[in-house]
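Colleague: Below is the structure, and that's it, no one-letter string:
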């Protein structure tokens with residue numbers, strides 16, 4: 001007859017974690033008769049060491065470790081590895097941030113910004129943000145700007161798309177624009193602004209909101225580098241120390257004679273911080289690239305940018321999957337590529353003689 005006190009209790013595992021660990025049974029403490037050792041032979045050691053207790057303790061510790069690890073991943077997985085667009089570095093006055101879900105909150109230093117967020121400043125408000133690629137974005141007073149898209153993974157999906165609804169902003173580009181120019185753009189209801197690694201300002205004044213001395217339309221003022229101001233009727237290159245404007249999407253952009261006074265009026269009171277960030281832009285880009293593990297051992301930012309520009313597939317992906325607002329602009333490029341690389345003609349099939357009809 002089997003002794004119930006020394007027989008393992010075949011019990012179902014408590015949960016899936018026990019099943020994954022191979023815990024399919026529970027052992028009851030054996031009750032030894034006088035002069036007998038009821039433990040199985042495999043659990044007996046010289047000196048009376050209790051191997052069963054050691055094994056159970058080991059399994060219990062492993063179970064606790066895995067449980068806490070799974071809980072940590074579940075709690076942090078939604079935020080710790082989510083990629084944001086940047087972090088608020090300065091919030092002054094009335095500034096609100098509305099997420100893509102519609103929730104609205106007052107901005108504060110350290111607030112994370114994500115793709116789809118809309119930033120709105122009041123007459124006394126200004127916001128500065130350090131972008132994930134080491135760049136910088138300053139949102140001026142009386143401005144509405146949306147982070148339409150942002151990705152900084154170090155591959156062909158990298159992009160920065162800022163949509164300026166109204167008001168003014170100043171931007172210092174990071175490694176996304178420097179490694180792939182077409183991946184960075186600023187859009188307004190009137191024009192698009194492309195960059196070539198630069199420090200610039202964009203002002204959009206809608207019709208009906210023109211103040212004394214202002215001019216309706218989109219205005220682009222470049223401090224360093226080069227931008228491309230583009231509408232449906234053409235484009236113009238704007239160099240350092242120059243300014244250009246586009247009155248409407250149906251009109252070609254033109255250059256300003258010098259820097260208009262109303263553009264200088266839209267400057268903020270914290271521009272010294274922007275200039276400081278621009279002077280140390282290489283340090284900010286290096287920090288961003290190292291945090292993502294994109295820099296090789298001993299590699300500089302310039303070497304990374306050069307290597308990134310040579311990555312295959314960037315231009316092809318952009319051409320095959322353009323955004324709706326880029327399709328009309330990219331149509332001539334598509335036609336030129338088709339002319340230079342025509343599709344080969346299919347060879348003619350050999351003629352097969354007709355089969356004679358059966359009588």
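Modeller: Done, it's in. Here the structure is a predicted model, which means the values were calculated and not measured. Numbering: from 1, shown residues only.
Colleague: Select the longest strand from the protein.
Modeller: Here the longest strand in the chain is taken by residue count, with DSSP state E as the criterion, and it is strand 159-172.
Colleague: Name every strand pairing with it and say which way it goes.
Modeller: strand 136-139 (antiparallel), strand 144-151 (antiparallel), strand 184-187 (parallel), strand 199-205 (antiparallel) (DSSP bridges).
Colleague: right, and residue 152 touches residue 135 too?
Modeller: No. Between residue 152 and residue 135 there is no contact under C-beta atoms under 8 Å: 9.4 Å. No exception for glycine: its C-beta is placed from N, CA and C like everyone else's.
Colleague: who touches both of these two?
Modeller: Common neighbours of residue 152 and residue 135, counting by C-beta atoms under 8 Å, 6 or more residues apart in numbering, are 174-176.
Colleague: Please list the members of those residues that lie in helices.
Modeller: Judged by DSSP state H, the shared contacts of residue 152 and residue 135 include 175-176 as members of helices.
Colleague: related to what we said a few turns ago, list the buried ones in the longest strand of the chain?
Modeller: Using 16 or more other C-beta atoms under 10 Å as the test for burial, strand 159-172 gives 159-164, 166-172.
Colleague: just stretch 298-306 next, same as before
Modeller: 301, 304-305.
Colleague: Poorly predicted segments of the stretch 1-150 of the chain, please.
Modeller: Applying pLDDT under 70 to the stretch 1-150 of the chain flags the ranges 1-83.
Colleague: what residues does stretch 234-246 touch?
Modeller: 190-191, 198, 200, 215, 217-231, 252-256, 258-260, 263.
Colleague: among the residues you listed, which ones are buried?
Modeller: Using 16+ other C-beta under 10 Å as the burial test, the contacts of stretch 234-246 include 190-191, 198, 200, 217-223, 225-231, 253, 256, 260, 263 as buried.
Colleague: all strands for the stretch 101-250 of the chain, in order.
Modeller: Along the stretch 101-250 of the chain, counting by DSSP state E, counting those that start in this stretch, strands occupy 104-106, 112-113, 118-121, 126-131, 136-139, 144-151, 159-172, 184-187, 192-195, 199-205, 217-224, 226-231, 234-239, 243-246.
Colleague: quick one, what contacts the nearest residue to residue 165 once chain neighbours are set aside?
Modeller: Once flanking residues are discounted, residue 165 sits nearest to residue 144: 4.1 Å by C-beta to C-beta, 6 or more residues apart in numbering. Each residue near residue 144 by C-beta under 8 Å, 6+ apart is listed here: 118-121, 164-167.
Colleague: hang on, isn't residue 97 packed against residue 116?
Modeller: No. Look at residue 97 against residue 116 with C-beta under 8 Å: they stay out of range, at 10.7 Å.
Colleague: Which of those two has more residues huddled nearby?
Modeller: A count of neighbours by other C-beta atoms under 10 Å puts residue 97 above the other of residue 97 and residue 116, at 23 against 15.
Colleague: Quick one: closest of the strands paired with strand 159-172 to residue 285.
Modeller: Nearest to residue 285, of all the strands paired with strand 159-172, is strand 136-139, at 11.0 Å by C-beta to C-beta.
Colleague: Identify the residues contacting the closest one?
Modeller: Outside strand 136-139, the residues that touch it by C-beta under 8 Å, 6+ apart are 86, 95, 119, 121, 126-131, 145, 162, 167, 169-172, 174, 268, 270-271, 274, 277-278, 281, 284.
Colleague: what about burial for those, which qualify?
Modeller: Those of the contacts of strand 136-139 that meet the buried threshold are 86, 95, 119, 121, 126-131, 145, 162, 167, 169-172, 174, 268, 274, 277-278, 281, 284, by 16+ other C-beta under 10 Å.
Colleague: so the residue nearest to residue 165 bridges to which residues?
Modeller: residue 120, residue 166.
Colleague: Doesn't residue 285 belong to a helix?
Modeller: Yes. Under DSSP: H, G, I helix; E, B strand; the rest coil, residue 285 sits within a helix.
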